[in-house]
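how would this look folded up:
(2 chains)
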Amino acid sequence: MPDPIHQFEIKRYFPLEVLGIDATFTNSALYMVAATVLILGFLIFSMRGRALVPTRMQSIAESVYEFVAGMVRDAMGEQGMKYFPFVFAIFIFIFVLNMLGMIPGFFTVTTHLAVTAALAALVFVTVLIIGFAKNGFGFFKLFVPDGVPPLILPVVVLIEVISFLSRPISHSVRLFANMLAGHITLKVFGGFVVMLLGSAGAAAALAPLPILAATALTALEFLVAFLQAYVFAMLTCMYLNDALHPAH
Amino acid sequence: MPDPQDRPKVGSDFSSGVDNLTPEERKGFKDRLSKLDAKLDDVQQRRRTEVETHEDKAMRSKGMAMGLRMSSELVAAVIVGGLIGYGLDKWFETTPWMFLVFFMLGCAAGMVNVTRAFTKMQAEIAEKTGGDIGQDLADVDDD
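Residues are numbered from 1 along each chain as shown, chains lettered A, B, ... in the order given. Below is the predicted model of the structure:
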């Protein structure tokens, strides 16, 4: 049976060390560069006409913009549009990486916790910086809900702090786990087909069954690839909103 | 304000108009009325389900996104609580008390996370449906 984990292997292309840090150019890095080039290429190419009546490509780019802008306005209001570029970059980067991973034989960058954790940490640190820059020590109000009796306030504050610290973990693990599980499942079902066909006799006749399952799963995986990018961006908006308005 | 003295006259005119109808005509009117009523109900129903299925699709993918959130929201807080407790235990050599306390706090924080996310989602739905969560659609056309 083909190894379902094999697809997640990191291959080192050009060994590189910057200031004692291993910055080897890997297949993961290659796909991230490819995604960035694809996104930039698509956006620049589709918007080159800047037509009032958009062409097909331009209207795709515009609807992506509208989608993310709607998400940002929903969560943060009009003043949140200041952070639109950040949210848009995160959404489209994850979305394109997830979709690239759906092409058979391609590497899925978001199946690595290191990548999703780095993205979540980026959001977390951004929220901290914006929160303290905008509110100063008022940011700590995030941990003190209104109308709590002073007697249980210490417990509530501890719970709020744990809740706050759990954000980057759930943020990163959700994306990573969903992508990883989906790709392993697809590979396992694919492996069933090979195994059944390889076995002699009646079992080979059952081979179409896992193919059907894999087909259905592929459709589901496309949905998950989009949903996870959406959830990641939506939560980024919500966390940024907390940084802007720390009082609940 | 119409002159009160006019009212009986108008009323009697109207009722006399109705009285002039033969029983067959009356029945015909009633039939047409009930047919129109049924037609109207039909159109209303169809429009409602159209809107609903459209909303439903959007809500369902949003709901799935929310659902995927919840589990990790709960687990992450428990893990963070446990890790903080474990770290404090190592530091102060109080094994296992800090772990137990912070594990519990982590569970509570997980609950808070989930409740908060759900409350937000509920508020969004309430905003969309005009404050009517779980409205009974069958009762809408009752007078």
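
Do a quick rundown of the helices in the chain.
Going with chain A. A:27-46, A:56-76, A:84-101, A:113-135, A:153-198, A:208-244 (DSSP state H).

not what I meant, chain B
B:6-19, B:23-92, B:97-129.

for the helices of chain A, which one sits closest to chain B?
When these are compared by C-beta to the nearest C-beta, helix A:153-198 sits nearest chain B, at 3.5 Å. C-beta coordinates here come from the backbone N, C-alpha and C atoms, glycine included.

Distance from the chain centre to the closest one, please.
Taking C-alpha atoms, centre = their mean, to the nearest Å, the mean C-alpha location of helix A:153-198 is offset from the chain mean by 12 Å.

From the contact counts, what lies against that helix?
Where contact means 3 or more C-beta pairs under 8 Å, 6 or more residues apart in numbering or on different chains; DSSP states H and E, helix A:153-198 is packed against helix A:84-101, helix A:113-135, helix A:208-244, helix B:23-92, helix B:97-129.

So which of those is the most surrounded?
helix A:84-101 (a mean of 21; mean count of other C-beta atoms under 10 Å in any protein chain shown).

Mean confidence (pLDDT) on that one, please.
Average pLDDT, helix A:84-101: 96.

what do you get for stretch B:72-79?
pLDDT averaged over stretch B:72-79 gives 90.

Report how many residues lie close to the closest residue to residue A:25 other than its chain neighbours.
Nearest-residue entry for residue A:25: residue A:14, 4.3 Å, with adjacent residues in sequence omitted and distances by C-beta to C-beta, 6 or more residues apart in numbering or on different chains. Look at residue A:14: counted by other C-beta atoms under 10 Å in any protein chain shown, it has 10 neighbours.

How about residue A:70?
Neighbourhood size, residue A:70 [other C-beta under 10 Å]: 10.

now the closest residue to residue A:161 other than its chain neighbours: how far from chain B?
Spatial nearest neighbour of residue A:161, excluding adjacent residues (C-beta to C-beta, 6+ apart): residue A:143 at 5.6 Å. Remark: distance between residue A:143 and chain B (C-beta to the nearest C-beta, to the nearest Å) = 11 Å.

Return the residues in contact with residue 68.
Went with chain A since none was named. A:84, A:87-88, A:91-92, A:233 (C-beta atoms under 8 Å, 6 or more residues apart in numbering or on different chains).

Chain B is the one I meant
Listed by C-beta under 8 Å, 6+ apart, the contact partners of residue B:68 are A:174, A:178, A:227-228, A:231.

do the same with residue A:80
If you count contacts by C-beta under 8 Å, 6+ apart, then residue A:80 has A:72-73, A:237, A:240-241, A:244 around it.

What count of nearby residues applies to residue A:159?
25.

Show the contacting residues for it.
Contacts of residue A:159 by C-beta under 8 Å, 6+ apart are B:105, B:108-109, B:112.

Try it again at 10 Å.
By C-beta atoms under 10 Å, 6 or more residues apart in numbering or on different chains, the residues touching residue A:159 are A:143, A:145, A:152, B:77, B:81, B:104-113.

same deal with residue B:110?
Neighbours of residue B:110 in contact, by C-beta under 10 Å, 6+ apart: A:159, A:162-163, A:166, A:170, B:70, B:72-81.

same question, residue A:216
Going by C-beta under 10 Å, 6+ apart, residue A:216 touches residue A:189.

any idea how far the residue in chain A sticking out farthest from the centre is from chain B?
Most distant from the centre of chain A: residue A:201, at 44.2 Å, with distances by C-alpha atoms, centre = their mean. Counting by C-beta to the nearest C-beta, the separation of residue A:201 from chain B is 41 Å.

do you know how far that residue is from residue A:192?
Here the criterion is C-beta to C-beta, to the nearest Å. By it, residue A:201 lies 16 Å from residue A:192.

how many other residues sit next to the closest residue in space to residue A:45 that isn't next to it in sequence?
Closest residue to residue A:45 in three dimensions, ignoring its sequence neighbours and counting by C-beta to C-beta, 6+ apart: residue A:57, at 6.9 Å. Counted with other C-beta under 10 Å, residues neighbouring residue A:57 total 15.

List the residues that contact residue A:57.
The contact partners of residue A:57, by C-beta under 10 Å, 6+ apart, come to A:42-43, A:45-49.

can I get those in TSV with neighbour count and pLDDT?
Output for the contacts of residue A:57, formatted as TSV (neighbours: other C-beta atoms under 10 Å in any protein chain shown; pLDDT from 0 to 100):
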residue	neighbour count	pLDDT
A:42	16	94
A:43	17	93
A:45	12	92
A:46	18	90
A:47	16	88
A:48	11	88
A:49	12	82
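
so what's the residue of chain B found nearest chain A closest to, chain neighbours aside?
Residue nearest to chain A within chain B: residue B:76 (3.5 Å; C-beta to the nearest C-beta). The shortest distance from residue B:76 to any non-neighbouring residue, by C-beta to C-beta, 6+ apart, is to residue A:170 (3.5 Å).

Residue A:10 now?
Residue A:10 sits nearest to residue A:26 (C-beta to C-beta, 6+ apart), 5.0 Å away.

Please name the bridge partners of that neighbour.
Bridge pairing for residue A:26 (DSSP bridges) gives the partners residue A:12.

Just the pLDDT for it.
90.

Check residue B:16 too.
pLDDT, residue B:16: 49.

Show me what from chain B comes close to chain A.
B:61-62, B:64-85, B:101-102, B:104-113, B:116-117, B:120, B:124 (C-beta under 10 Å from any C-beta of the partner chain).

for chain A, which spans come out with low pLDDT?
A:1-2, A:248 (pLDDT under 70).

Can you pull the residues of it lying near chain B?
Counting by C-beta under 10 Å from any C-beta, chain A sits next to chain B at A:74-75, A:145, A:155-156, A:158-175, A:177-178, A:223-224, A:226-228, A:230-232, A:234-235, A:238, A:248.

Give me the number of neighbouring residues for residue 21.
As the question left the chain open, I've gone with chain A. Neighbour count for residue A:21, taken as other C-beta under 10 Å: 8.

my bad, the chain I had in mind was chain B
12.

Run through the residues that contact it.
Contact analysis of residue B:21 by C-beta under 10 Å, 6+ apart lists B:27-29.
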